[in-house]
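J.: Give me the fold of what follows.
(one chain, ligands or ions: 1)
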Amino acid sequence: MQLYDATLSGNAYKVRLLAALAGIDLELVPVDLAAGESRTEAFLALNPRGQIPVLVDGETVVWDSQAILVHLARTRAAGWLPEDTPGLVGVMQWLAVAENEILYGLARARAVRVFGRPWDLAQSQELGRAGLEVMDRHLGRRRWLATERPSIADVACYPYVALAPEGEVPLAGYDNVRRWIGDLQALPGYIGMPGIEPVTEVA
Ligand SMILES: N[C@@H](CCC(=O)N[C@@H](CS)C(=O)NCC(=O)O)C(=O)O
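T.: Numbering: from 1, shown residues only. Okay, here's the model as predicted:
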């Protein structure tokens, strides 16, 4: 399987992370976003949105990080996506948070600060903090986001939450979120990415 990837993309990292946690081999194909490599005709044939990550699994091409996590869980990492309705619904709810408050909030704030993207920093940070508050309350009652064990919901939400300080959204005060980050970092097979600090202690 090939993953069209960039080292500093949190969306691509979440796919690398699930693969590492579940022991799945991936061949990484680097895409230089700054050079416009995601906007070429050849790349748009893979993903009409012109974005990474894209997974090529034989004849199957999957774009969008959430969809790729589902594909990997359904084909090679069964324990990461529950089949029962409440479990599946719980995962879907957190994939929605990953695509909304986390992507348009925390990830955008980071993209403004790290890559100079032209989005509204204060608005992105505010949306990101709203997502963190929801997560923090939820994680005060349970260890993992959707099920009794880690699932693709945790993997989908993790990268841009852990990278939030790069967008000038400190994680101080979100103690349950920081405990959850530490639990994820302690999982066998865990890999990090540049910009994610290890959580060593939670007040
Ligand atoms: N919802 C998409 C978002 C993907 C995305 O925003 N990818 C960024 C990198 S993190 C990208 O490829 N940007 C290039 C562009 O939009 O030109 C996903 O989860 O895969």
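J.: Ramachandran coordinates for the spatially most central residue of the chain?
T.: Taking CA atoms, centre = their mean as the criterion, residue 156 is the residue nearest the geometric centre of the chain, at 3.7 Å. The phi and psi values for residue 156, taken as degrees, to the nearest 10, are phi -70, psi -40.
J.: Let me see the ranges of the helices in this protein.
T.: 10-22, 41-46, 65-76, 85-97, 108-115, 121-139, 152-162, 175-185 (DSSP state H).
J.: And the ones you listed: which comes nearest residue 197?
T.: helix 152-162 (7.8 Å; CB to CB). All C-beta atoms are positioned from the backbone trio N, CA, C, and that covers glycine.
J.: Can you give the contact residues for the closest one?
T.: Under the criterion CB atoms under 8 Å, 6 or more residues apart in numbering, residues 10-11, 13-14, 17-18, 21, 65-66, 69-70, 73, 80-81, 90-91, 93-95, 97-98, 102-103, 106-107, 110, 132, 135, 144-147, 171, 177, 180-181, 184, 193, 196-197 lie in contact with helix 152-162.
J.: can you tell me how far residue 36 sits from residue 44?
T.: Here the criterion is CB to CB, to the nearest Å. By it, residue 36 lies 11 Å from residue 44.
J.: Same check on residue 109?
T.: From residue 109 across to residue 44, the span is 28 Å (CB to CB).
J.: Ok, residue 161 next?
T.: For residue 161, the distance to residue 44 - CB to CB - is 30 Å.
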